[in-house]
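no sequence on this one, just coordinates:
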């Protein structure tokens, strides 16, 4: 088995402890089915060109330059060496700034996951101390480092024999929830409805197992390619009709009955004493 290739190597600084570590990709889309654009008539793969929209002529690489748009069709040109000066200098230090209870970590800020492992046998003891201290305290370490040409925040947590580090979205990158939720009306829900919904939840409790989540698109595309190679006729699948919206209470009661256990009894209104 080929050893994993580190994306980054440096030192994890935990107080006065400095531990050599390596960062490995935790999730990748490289195994997904991908397509190339080809010429329908010749079967040749197409190449992408940058074309000047006014002259309609392709622009060679040596004449291409990055530009920041300040107004419609007006740009500030920025040279490659000028951009290079804006890249922060890396000291290869993953510096821990604070520790946050895991329950208080807002996963909305999580970007990409990475595995963090010690580099060399001599780093194993310090790494284990950091890992077990985080696990025992049930906290994540908020750290910063220059990664991939940018100064980034990371949330580091104990997992198994190693650590998991998520790069963090910057605050300006995370959209406000109020924009998405502002049109949701405030409703008073009957307690029986909530009890029925809780019963459905209790009857379907399980464990998180990513292997049970099938990528149906990937599987369908793979089958499509196999069928095309075999010369089979491709038939369009039947259109799935959207479910009809019915009475909410009836739907909850029917769902609760399917759970395998009797649903909670209906609440009876108590008569007031005369």
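That came through, no problem. Predicted, not measured: the structure shown is a model, and the values here were computed from it.

contact partners of stretch 96-104?
Around stretch 96-104, the neighbours that count as contacts under Cβ atoms under 8 Å, 6 or more residues apart in numbering are 12-15, 134, 137-144, 155-157. Every residue, glycine included, has its C-beta placed from N, CA and C.

From those, keep the buried residues only.
Buried by 16 or more other Cβ atoms under 10 Å: 12-14, 134, 139-143, 155-157, out of the contacts of stretch 96-104.

Which members of the residues you listed occur in strands, if any?
Under the assignment DSSP state E, those contribute 12-14, 139-143, 155-157 to strands.

returning to what we had before: tell me the one of the contacts of stretch 96-104 nearest residue 170?
residue 144 (11.9 Å; Cβ to Cβ).

for the contacts of stretch 96-104, which one is nearest residue 257?
The closest of the contacts of stretch 96-104 to residue 257 turns out to be residue 138 (Cβ to Cβ; 39.2 Å).

give me every residue that touches the closest one.
101-103.

what do you get if the cut-off is 10 Å, keeping everything else the same?
101-103, 157-158 (Cβ atoms under 10 Å, 6 or more residues apart in numbering).

Most neighbours among these, which one is it?
Greatest neighbour count in those, by other Cβ atoms under 10 Å, goes to residue 158: 21 neighbours.

Tell me where the model's unsure across the stretch 1-150 of the chain.
1-3 (pLDDT under 70).

Could I get the full set of helices for it?
Along the stretch 1-150 of the chain, counting by DSSP state H, counting those that start in this stretch, helices occupy 80-86, 124-137.

For the buried ones among the contacts of stretch 96-104, could you give me CSV that also reports distance to residue 226?
Compiled in CSV, the buried ones among the contacts of stretch 96-104 are given as follows (distance: Cβ to Cβ, whole Å):
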residue, distance to residue 226
12, 46
13, 51
14, 51
134, 46
139, 49
140, 44
141, 47
142, 47
143, 46
155, 41
156, 42
157, 41
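
Kindly indicate which of those residues lies nearest residue 84.
Using Cβ to Cβ, the buried ones among the contacts of stretch 96-104 come closest to residue 84 at residue 143, 25.1 Å.

I'm done for today, thanks for sticking with me.
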